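Pasted the sequence and its predicted model underneath.
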Number of protein chains: 2
Amino acid sequence: MTHLSTELSDKLRAIFGDRFSTSPALREQHGRGESYHTAAMPDGVVFAEHTDEVAQTVRLCAAEGVPVIAFGAGTSLEGHLTAICGGISIDLSRMSLIVRVGAEDLDCTVEAGVTREQLNTHLRDKGLFFPIDPGANASIGGMAATRASGTNAVRYGTMRENVLSLTVVLPSGQVVRTGGRARKSSAGYDLTRLFIGSEGTLGIITEVTLRLYGIPETITAALCSFASVEQAVDTAIAVVQLGIPVARMELMDRGLIAAVNAYSNLTLKIEDTLAFEFHGSPAAVQEQVDMVAAIVDEHGGRDFEWANAAEDRNRLWKARHNAFYAVVSQRQNAKGWSSDVCVPVSELSDCILKTRALLQGCSVPAAILGHVGDGNYHVVFAVDPDNRAELDEVAAINKAMVLHALSVGGTSTGEHGIGTGKIDYLRREHGDAVDLMAVIKAAIDPMNIMNPGKILPE
Amino acid sequence: MTHLSTELSDKLRAIFGDRFSTSPALREQHGRGESYHTAAMPDGVVFAEHTDEVAQTVRLCAAEGVPVIAFGAGTSLEGHLTAICGGISIDLSRMSLIVRVGAEDLDCTVEAGVTREQLNTHLRDKGLFFPIDPGANASIGGMAATRASGTNAVRYGTMRENVLSLTVVLPSGQVVRTGGRARKSSAGYDLTRLFIGSEGTLGIITEVTLRLYGIPETITAALCSFASVEQAVDTAIAVVQLGIPVARMELMDRGLIAAVNAYSNLTLKIEDTLAFEFHGSPAAVQEQVDMVAAIVDEHGGRDFEWANAAEDRNRLWKARHNAFYAVVSQRQNAKGWSSDVCVPVSELSDCILKTRALLQGCSVPAAILGHVGDGNYHVVFAVDPDNRAELDEVAAINKAMVLHALSVGGTSTGEHGIGTGKIDYLRREHGDAVDLMAVIKAAIDPMNIMNPGKILPE
């Protein structure tokens, strides 16, 4: 465990005043995300307000070989924020400026601490929106760092497809921009994509230029229940394979619906459910709806329920976004363990059935949900983080689910990232390519000060 | 200039027999692309048939520090194939196996030497297609290596968005796979995107797993002429800004139309022209067409001409794909110089007008064309490669066009790559980020044997 030198503390205090803190409460809060992972406190927290301040902090830490960990909204699920080796947590939440909105070019530039809800609130009047929506109200910087996606990815892609360029503070304290505002470029290595998903291990993202979209003329949502998860998933697969451009297609199993009803005060029918959203012109939406309704019907779905009013839709998706919290709240003092895998769509039904079988007899509350249009699904468990036996039980289920996903060409994480939680699966997924990742890491961060202990196994 | 040691020659001959050649004609052919760049011959050519053979060749070359340059279809436009430091050209054109088509998952895996036309011919019966279509019948490996796109990118994205994973031979001869078949993943660094656009400077791509799409139920194309390029471009901008999901939207200026008519035996009206294609259900296509027709009308466009028959459409796009050859064929013994830039769409009209002004009085045939939906446009010049004054004249125009594109947030190349042709602009575009690219290059290819002298300025 690193401890701060008096010299470094004094320098940080001289620069940041009370925006540098070593209070145990603040450090504890910055050493954990939202999930079960054991927290490890950083030695201090800096609240940065500009890219230059991030760069200054990194330079000071680099001079002493002290780790730096970027902190956005604190909604990480895989232990990204754990200060395994101590160091300084750089809190970017005050970097919440929406720098520029280019309505004509459907793009914008924001500071890393801007949250997805803040951005969409800002954009609404302009008739624009940013579609990427992980469950939590995450920061845009954090979403870029974990290559996040969410419910709209089946139509709009993930952070990978929707970031045009980044401003990044490198481990040396140098500031670089990874690109401009062109929609596409063949000019040099794709540094933008290298930093997206690098989880703060190669640099700290301080500004993000994003693609935006016009708010669709018509938006309609529908809920549809099934007698089995299998029927629901097969319906989703058929929709994907026919290329129907649904904007959202979310699976919520009956366990999740029960949890969501309780948490969000809803009265959804407690059945395995698909929730759809359709975006487009009135005619295009109607056509999609007709096609999907026919597929649902063929697969034994029932009770197609519409949510045309914006208010109803918002309630539905708000409840869906809160699914993690809903499952966790089923049990007092529980923590959430949300695992996610992503598989080729043709394998999805079999994977989810195998996962359901794994959950039979599981001793803690658990629910399956997923962005099934992408082949991506999650299991959320409500665990007692102090109960070793429980954690072992969930770890075994998680392991079996991940290994099965890998065996069919899938990935150990579709959108949550590796952090520490999936680190043991990286080599199994990527084989010798992990050595190449390590070469890149060592070249860019030779002192290993950027979020050490994450992504790459020792 | 490197020369092959007898030892290396003997080893290559022992392995490859007459698939290893040092014939001057073959070496000359492998030392150039399709454009004006001065050829530089490699010292030998290996025709590889498997990933393992590529790896073997790279290992042998690495042992002696001999450069290796991957060769696909030879259609590079920016000097990527020039063997500046000699070495071995590894010709992948015989690696033309379509390894697997996953119709259910809308994906496939192909060897790097498969060309886009070969792939689409293979897919047609299955009701699938791969949309990325640079003008030339390029190889999929080459398209990945240059981050290529084409006429469909406005709807379907570029190689960046449509490659799921790669098999790559590293400079050590080690073979890695950069991912699996999941649509999205947050598992580790995005090696796939790092190799896409790396122009053979980090490794040699030998297999590519691609996204595919269902052939749309309805496809309609239309041509529309304008009294000025400005009107045509403003029309395109309006279509983009309204979010109409056109599949293709191509600008061809009147000079290009004349060249295309002559080369492809067509009788298109010699005016500044937009060519559209619409994909979707009959109703969706009709709706798009109606919206676009209204915009065209507002902007003074005329003579909306339909090409509903597949045959007419194919002739139109074939002619468009041959635009480069059409311009070059206007002059005997000429070579093509095709420059491309990409800018934010709001800047496109101004950029193209400035480019037209630059072309006033240009002493060689030149035409403007572009994937204007992306903000990407090209100027093709037919130059005499032995005429220094001409080359200087075109270089000056090119420079002015690139610098203007950069000054408005654009990129020096939307889809052709840096090669040697744009190398002088890389630092102006990316600033200190070029140093980071160099760090990555040095870490992965410490001996600088992979296509040396490309992308990164000295």
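Here it is on my side, so go on.

In the stretch 301-450 of chain A, which residue sits nearest chain B?
Across the stretch 301-450 of chain A, the shortest distance to chain B (C-beta to the nearest C-beta) belongs to residue A:443, at 3.3 Å. Placement of C-beta: from N, CA and C, glycine included.

Where do the strands of the stretch 201-350 of chain A begin and end?
Using DSSP state E, counting those that start in this stretch, the strands found in the stretch 201-350 of chain A span residues A:204-211, A:213-214, A:218-226, A:248-252, A:272-280, A:302-307, A:335-342.

how about the residues of the stretch 351-458 of chain A that lie near chain B?
A:374-376, A:406, A:409-418, A:422, A:425-426, A:429-434, A:436-437, A:439-444, A:455-456 (C-beta under 8 Å from any C-beta of the partner chain).

repeat for the stretch 201-350 of chain A
Counting by C-beta under 8 Å from any C-beta, the stretch 201-350 of chain A sits next to chain B at A:202, A:213-214, A:237, A:240-243, A:281, A:283-284, A:287, A:342-346.

again, 10 Å this time
Contact residues (C-beta under 10 Å from any C-beta of the partner chain) of the stretch 201-350 of chain A with chain B: A:201-203, A:209, A:213-217, A:237, A:240-245, A:280-284, A:286-288, A:291, A:340-348.

List buried members of the residues you listed by neighbour count.
A:201-203, A:209, A:213, A:216, A:237, A:240-241, A:244, A:280-281, A:284, A:287-288, A:291, A:340-348 (16 or more other C-beta atoms under 10 Å in any protein chain shown).

mind listing the helices in the stretch 51-200 of chain A by residue range?
A:51-64, A:116-124, A:140-145, A:153-156, A:159-162, A:191-195 (DSSP state H, counting those that start in this stretch).

on contacts alone, who are the packing partners of the second one?
The criterion is 3 or more C-beta pairs under 10 Å, 6 or more residues apart in numbering or on different chains; DSSP states H and E, and the helices and strands that helix A:116-124 contacts are strand A:98-102, strand A:107-111, strand A:128-129, helix A:140-145.

Recalculate using a threshold of 8 Å.
strand A:98-102, strand A:107-111, helix A:140-145 (3 or more C-beta pairs under 8 Å, 6 or more residues apart in numbering or on different chains; DSSP states H and E).

Tell me which of the ones you listed lies nearest to residue B:33.
strand A:107-111 (32.6 Å; C-beta to C-beta).

what about the residue lying closest to residue A:367 once chain neighbours are set aside, neighbour count?
Leaving aside its sequence neighbours, residue A:367 sits nearest to residue A:256 (C-beta to C-beta, 6 or more residues apart in numbering or on different chains; 3.7 Å). Around residue A:256 sit 28 other residues, with neighbours defined as other C-beta atoms under 10 Å in any protein chain shown.

quick one: residue A:256 from residue A:32, how far?
Distance of residue A:256 to residue A:32, given as C-beta to C-beta, to the nearest Å: 24 Å.

again, but for residue A:129
From residue A:129 across to residue A:32, the span is 31 Å (C-beta to C-beta).

Could you check which of the two has the larger neighbour count?
Taking neighbours as other C-beta under 10 Å, residue A:129 and residue A:32 compare with residue A:32 leading, 21 against 18.

so that one touches residue A:39, yeah?
Yes - with contact defined as C-beta atoms under 8 Å, residue A:32 and residue A:39 form a contacting pair (3.6 Å).

between these two, what contacts are shared?
residue A:82 (C-beta atoms under 8 Å, 6 or more residues apart in numbering or on different chains).

Test my guess that residue A:313 contacts residue A:216.
No - in this structure, residue A:313 is not within contact of residue A:216 by C-beta under 8 Å, at 12.0 Å.

Report the contact partners of residue A:454.
Taking C-beta under 8 Å, 6+ apart, one finds A:79, A:80, A:199, A:200, A:201, A:418, A:419, A:420, A:423 in contact with residue A:454.

ok, now with 6 Å
A:80, A:199, A:201, A:419 (C-beta atoms under 6 Å, 6 or more residues apart in numbering or on different chains).

quick one, phi/psi of the second one?
It refers to residue A:199. With angles defined as degrees, to the nearest 10, residue A:199 sits at phi 50, psi 40.

ok, now how distant is it from chain B?
Distance, residue A:199 to chain B, by C-beta to the nearest C-beta, to the nearest Å: 9 Å.

For that residue, list the residues it contacts.
Residue A:199 neighbours (C-beta under 6 Å, 6+ apart): A:80, A:145, A:417, A:454, A:455.

was I right about the last one contacting residue A:202?
No - the criterion here is C-beta atoms under 6 Å, and residue A:455 misses it with residue A:202 at 9.4 Å.

Quick check: bridge partners of the nearest residue to residue A:102 once chain neighbours are set aside?
Distances taken as C-beta to C-beta, 6+ apart place residue A:108 nearest to residue A:102, at 6.4 Å, with adjacent residues excluded. As for beta bridges, residue A:108 partners with residue A:101, residue A:210 under DSSP bridges.

wait, residue A:108 sits on residue A:99?
No - with contact defined as C-beta under 6 Å, residue A:108 and residue A:99 do not form a contacting pair (7.7 Å).

So which of the two has more stuff around it?
Between residue A:108 and residue A:99, counted using other C-beta under 10 Å, the more crowded position is residue A:108 (25 against 13).

Extract the CA atoms of the helix-or-strand element of chain A with minimal mean pLDDT and return them as PDB.
Sorting the helices and strands of chain A by mean pLDDT, DSSP states H and E puts strand A:302-307 at the bottom, at a mean of 80. What follows is strand A:302-307, C-alpha atoms only, in PDB (Å, rounded to 0.1, in the frame of the first residue of the first chain):
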ATOM      1  CA  ARG A 302     -49.300 -12.200 -25.500                       C
ATOM      2  CA  ASP A 303     -50.600  -9.000 -24.100                       C
ATOM      3  CA  PHE A 304     -48.900  -6.700 -26.300                       C
ATOM      4  CA  GLU A 305     -49.200  -3.500 -24.300                       C
ATOM      5  CA  TRP A 306     -48.500  -0.100 -25.700                       C
ATOM      6  CA  ALA A 307     -46.800   2.800 -24.100                       C
END
